[in-house]
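Q: sequence-free structure coming up:
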């Protein structure tokens, strides 16, 4: 039996496993993209940018000019460092996304904000900590999503949690 789909695309080196927030239990599940696929994706997009530019106005001679290449190279560097470093993690009662974490069993606010092609999950706990994450990112790791959703469901059942219509509909929260 092979690895789960998210196992192939994520960093699995236990030395890179994020530490839990101070005073919290261990990190039970985490996700950080592997470096290779991120770099390959950025290079492919940069080559696409250069190819489109060549098809638009430039000639092959124009592609050989030195001032053409810093832009795609800068794009590759920005994309690599932006997406390589994103780490999400969860413990039994906490969720961490990048630099911020929340206590998932003591939430004050759960909202889902919608936009063209995206759903953002906004979690705010009673200590006023806020995490905003894209639902697609967190749901792509089933074990991590289960930890977070259990905390959301617990908070919604046991506390007065401020929600919006999208959160109640998408997360099947009680009214």
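A: Sure thing, it's come through. Remember, predicted model here, so these are calculated numbers, not experimental data.
Q: so which strand or helix has residue 108?
A: strand 107-115 (DSSP states H and E).
Q: show me what that strand is in contact with.
A: By CB atoms under 8 Å, 6 or more residues apart in numbering, the list of residues contacting strand 107-115 from outside reads 119-126, 128, 135, 151-152, 155-156, 159, 161-164, 166-167, 169-171, 173. Where you see a C-beta, it was placed from the backbone N, CA and C, and this is true even at glycine.
Q: can you pull the buried residues of that strand?
A: The neighbour-count check on strand 107-115 (16 or more other CB atoms under 10 Å) flags 107, 108, 109, 110, 111, 112 as buried.
Q: adding pLDDT and distance to residue 48, write those residues out as TSV.
A: Converted to TSV, the buried residues of strand 107-115 look like this (pLDDT from 0 to 100; distance: CB to CB, whole Å):
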residue	pLDDT	distance to residue 48
107	96	41
108	95	44
109	96	40
110	96	38
111	96	35
112	95	32
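Q: what's the farthest-apart pair in these?
A: Greatest spatial distance in the buried residues of strand 107-115: 108 and 112, 15.5 Å, computed using CB to CB.
Q: now the strands for this protein?
A: 29-31, 88-90, 94-97, 100-103, 107-115, 118-125, 130-134, 162-163 (DSSP state E).
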